[in-house]
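Asker: How does the following fold in three dimensions:
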Amino acid sequence: TATTEIYTQAFVGSVRCVQETGINAEYMGLLQRKRMISRLMYVARLVAARSNVALPSVCSRSFLTARTYAPRMTNICGQMRRFSAYPSHKVLAMPNLSPTMTKGTISKWYKKEGDSFAPGDVLCDVETDKATVGFEMIENGVLAKIICPVGSKDVPLFAPVAVIVDNAKDVPAFENFKVEEASPAKAAAPAKKEPEKKEEAKPEAKAQAGDRVLVSPSAKKFAADNKVDLALVKGTGPKGRILKEDIQAYMEKSKKVEPEKPVAATPAAPAAPKSVPQKPTALPGLPEFVDIELTNYKRVAAERLTEAKQTVPHFYVSIECEVDELLKLREELNKSSKSKISINDLLVKAAAQACKKVPDANSAWMGTFIRRYKDVDMCVAVQTPNGLIAPIVPRANLKGVEQIAFDTKALIEKSKANKLKPEEFIGGTFTISNAGMFGISQLISIVNPPQACILGVSQVEKVLLVDEAKIKTDKPWRIASKLMGTLSCDHRVVDGAVASEWTKEFKRLVENPHLMLLQPNKLIKQLFLSLIHI
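Answerer: Numbering: from 1, shown residues only. Model (predicted):
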C-alpha cells in the first residue's frame, strides 16, 4: 500500500509537470486508461528529468518500468528514445526539390559543423533528377552534425541529412550522433562489418526469436561504453541473461577474428582497379573500355525517357519552312536590340503564337483528363555537361522577341552553371529542341510527359526551288533558305488534324515573321478595350 501511494504521488507530480511544461497530456491519459502503470512510471521519470523535479527513489526501481521494451518506445517528444540524451535539436531531412524526385545526392556542403546560418542561406547542394539545387534554410540556427557527407548518393526522400541546434554550445554534444535507420553511409561502410554479422548470425536469430533480451545492468552499461550490440552476444546467466563476462568474451573473440580478415581479403587486392573507372579496362576478346558512372540526373532522365517512349503513343508531323524573311528580320532587330536575338528566339516566339492559335497543342495528359493551358510556358532544350535540360521561358506568348532572347540567354547560362531554381525547369507546357547548330537535317524528339508536343528543329540549308512566278522564263528557279520542323505528338491528346493545323500556323508565322510581331500590339489593344468597357 505504501508503495502504491508513492507511485500515485509520483504520477500526480508528473502530470503537474506535463501541464507546466506543455507536454502532450493526451498521451499520458491514454496510458492511464489502459492501466499501464509501468509505462506511466517510465513517462514520469522522463518528465521529471526534463523538468528538474525530484521524484522518490522508489520510482527508479526497475521491476515495474518495462525497461526491456524502452528501445522500441517513442518518448513524449515523438522521437526515438535514443535521442532523449541530446540537447534540443532538429533533424533536417532530405527535401523534395522536384515532383519526380525520389532520391538525392549531396554534392557540396557550404557550412561546416559549428557554423551558424540565417534564413536564405544555402546549407548544401542537392543533385536531383533535374538539376543541382541549393537546400535553403528558413530559420536561424547552428549546424551541429552532418549525417550525409559530400558524395552521399541516392539518399531517400525525408531521410536525415543533418542536425541543427539553436545554441552553438550544444554542438559538441552531437559529435558522436548517429541515425542508424537513415545512414546512407552504410553502403560505403568498410566490408569488415559484414563478415562479423554473418558469423554471429545464429546468436542474432536467437535474440530476435525471444520476446526480449535479458541483460544485467552492469553488462548493459559495459556494452554501451564499448559499443557492443547485445543482440550478437549469447548470455550464460539464468534464463540466458547476458552478463558482463559474456560481453568480455565476445569482445575477445572478435579481436581474434579481426587479424584473419585481412589475410582472407588479400586475394581480392587485384580487384582494386575497379574503383577507378577512368582507367581503360581490357577483357579477352573485347577492346579496351571505360565504365562511366551515371549521375543521379542522367539515371532518372534515362528512366523517364524510356517510360515516355514505351507508354506515350507518339506520332510525328514534319514541315519545311522558308526562313529568308526571318533572317532579314533578325538582322534588322539586332541593330537596335540590347540582347542579341538568335533564330531560335524567333522560333520560340512563332511556336508560342502557334500554340495560342491552336490551343489543343498546348495541353497535357493528366491520366483521367486533359489539361489545356491558357498561356505558353515554353521549355527550351539546352545541352549541358551534366546532360540535357529544358529551362522554361514563362508566358512566351506575352513577351516580345527581345525579352525572350534576354530570358533564354540567362537560362542557358544558369543551366550550364547548375544554378537553375526548381521553378525555372519544373513544369512547362510546350518544348522546342533546336539541333541546327549541330548540322542536323531533321530532329525527331521524344515527348516530355505530361506535355503533349515537342518541336524538333533542324539546321538552315540553302535549297534550289521552282519559282512559280518565273515558270515561263529561262530561269524558273530560285535559291531559298529552309529548315525542317518536326512536331512529335502524344496521340492521346493531339490527333493528326490538330498537329497539321499547328504546323501550318507555325509555317505561316515563320515565313511571315511580321505577323507574330503584331501580336503584342493586338494584346495591348484588347486590354485597352477591356479597360474602356469597365
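
Asker: Quick check: phi and psi on Phe135?
Answerer: Here is the backbone geometry of Phe135 (degrees, to the nearest 10): phi -90, psi 100.

Asker: Run through the bridge partners of it.
Answerer: Beta bridges link Phe135 to Cys124, judged by DSSP bridges.

Asker: now what about stretch 354-373, what contacts it?
Answerer: Here stretch 354-373 makes contact (CB atoms under 8 Å, 6 or more residues apart in numbering) with 312, 376, 397, 429-430, 449-453, 487, 489-490, 492-494, 498-499, 501-502, 505-506, 509. All C-beta spots, glycine's among them, are computed from the backbone N, C-alpha and C.

Asker: In PyMOL, select just the buried ones from these.
Answerer: Buried members of the contacts of stretch 354-373, defined by 16 or more other CB atoms under 10 Å, are picked up in PyMOL with:
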select buried, resi 312+376+397+429+430+450+451+452+453+487+489+490+493+494+498+499+501+502+505+506+509
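
Asker: In helices, which of the contacts of stretch 354-373 fall?
Answerer: Val498, Ala499, Glu501, Trp502, Glu505, Phe506, Leu509 (DSSP state H).

Asker: Could you tell me the per-residue confidence at the fifth one?
Answerer: If I follow you right, that is Glu505. pLDDT, Glu505: 95.

Asker: Tell me if Lys414 really is in a helix.
Answerer: Yes. Under DSSP: H, G, I helix; E, B strand; the rest coil, Lys414 falls within a helix.

Asker: shouldn't it be in contact with Leu420?
Answerer: Yes. Lys414 is within contact range of Leu420, at 4.9 Å (criterion: CB atoms under 8 Å).

Asker: Show me whatever sits in contact with both of those two.
Answerer: Pro391.

Asker: how far away is Tyr316 from Leu483?
Answerer: Per CB to CB, to the nearest Å, Tyr316 is found 16 Å from Leu483.

Asker: Tell me where the stretch 101-250 of the chain has helices.
Answerer: 193-199, 201-209, 217-225, 244-257 (DSSP state H, counting those that start in this stretch).

Asker: rewinding a little: more neighbours, Tyr316 and Leu483?
Answerer: Neighbour tally, Tyr316 and Leu483, criterion other CB atoms under 10 Å: the higher count belongs to Leu483, 22 against 13.

Asker: can I get the CA coordinates of the strand or helix carrying the more buried one in CSV?
Answerer: Here Leu483 sits within strand 477-490, counting by DSSP states H and E. C-alpha atoms of strand 477-490 as CSV (Å, rounded to 0.1, in the frame of the first residue of the first chain):
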residue,chain,number,x,y,z
TRP,A,477,14.1,28.6,-110.1
ARG,A,478,15.4,30.4,-107.1
ILE,A,479,17.7,29.7,-104.1
ALA,A,480,16.0,29.8,-100.7
SER,A,481,17.0,29.1,-97.0
LYS,A,482,14.9,26.4,-95.4
LEU,A,483,14.6,24.5,-92.2
MET,A,484,12.6,21.5,-91.2
GLY,A,485,10.4,21.3,-88.1
THR,A,486,9.2,18.0,-86.8
LEU,A,487,6.4,18.0,-84.3
SER,A,488,6.3,14.9,-82.0
CYS,A,489,2.8,14.5,-80.5
ASP,A,490,1.0,12.4,-77.9
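
Asker: Right, I'll call it a day here.
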